[in-house]
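*Asks:* dropping a prediction and its sequence here:
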Amino acid sequence: MVNEPLDRAAASRLIRSIVASGTVRFSGHALEEMEKDGLIAPDILSVLRSGVVEPPEMGRGTWRYRVRTAKAYAVVAFRSEQTLVVATAWRVK
């Protein structure tokens, strides 16, 4: 269980750890939004590996963390210390 909310640095470390050796899942909504913007899973994994994590926000009963690069955004929620879900993602226009 993750003791949330995490500060930006801790969230960044956990996101990168999960991308490297855990499980990243994509919500149906995220997949729909990615398809609209011509994004695929490797694009979002790149955002999660190298993006800037913004302060957490409470949304739909869970803490969510927005991760951004110059090209795309991803919003993630932790399910455990080994699993995260990409709730949504989009391309910067």
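*Replies:* Happy to help now that I have it.
*Asks:* residues near Asn3, how many?
*Replies:* 7 (other C-beta atoms under 10 Å). (Glycine included, C-beta is placed from N, CA and C.)
*Asks:* give me the pLDDT for it.
*Replies:* Model confidence at Asn3, given as pLDDT, is 95.
*Asks:* got phi/psi on it?
*Replies:* phi -90, psi 100 (degrees, to the nearest 10).
*Asks:* how far away is it from Arg91?
*Replies:* 33 Å (C-beta to C-beta, to the nearest Å).
*Asks:* cool, Val47 as well?
*Replies:* Distance, Val47 to Arg91, using C-beta to C-beta: 10 Å.
*Asks:* helix/strand/coil for Val67?
*Replies:* Per DSSP: H, G, I helix; E, B strand; the rest coil, the local secondary structure of Val67 is strand.
*Asks:* check contacts around it.
*Replies:* Counting by C-beta atoms under 8 Å, 6 or more residues apart in numbering, Val67 touches Ile15, Val47, Leu48, Gly51, Val52, Val53, Glu54, Tyr73, Ala74, Val75, Val76.
*Asks:* with Met58 instead?
*Replies:* With C-beta under 8 Å, 6+ apart, Met58 has these contacts: Pro5, Arg64.
*Asks:* three-state assignment of it?
*Replies:* strand.
*Asks:* from Arg64, how far off is it?
*Replies:* 7 Å.
*Asks:* and what of Val24?
*Replies:* In this structure, Val24 and Arg64 are 15 Å apart, going by C-beta to C-beta.
*Asks:* partner strands of the strand ranked longest in the chain and their direction?
*Replies:* Longest strand in the chain by number of residues (criterion: DSSP state E): strand 83-91. Here strand 83-91 is paired, per DSSP bridges, with strand 23-26 (parallel), strand 72-78 (antiparallel).
*Asks:* which non-adjacent residue is nearest Asp37?
*Replies:* Arg91 (3.9 Å; C-beta to C-beta, 6 or more residues apart in numbering).
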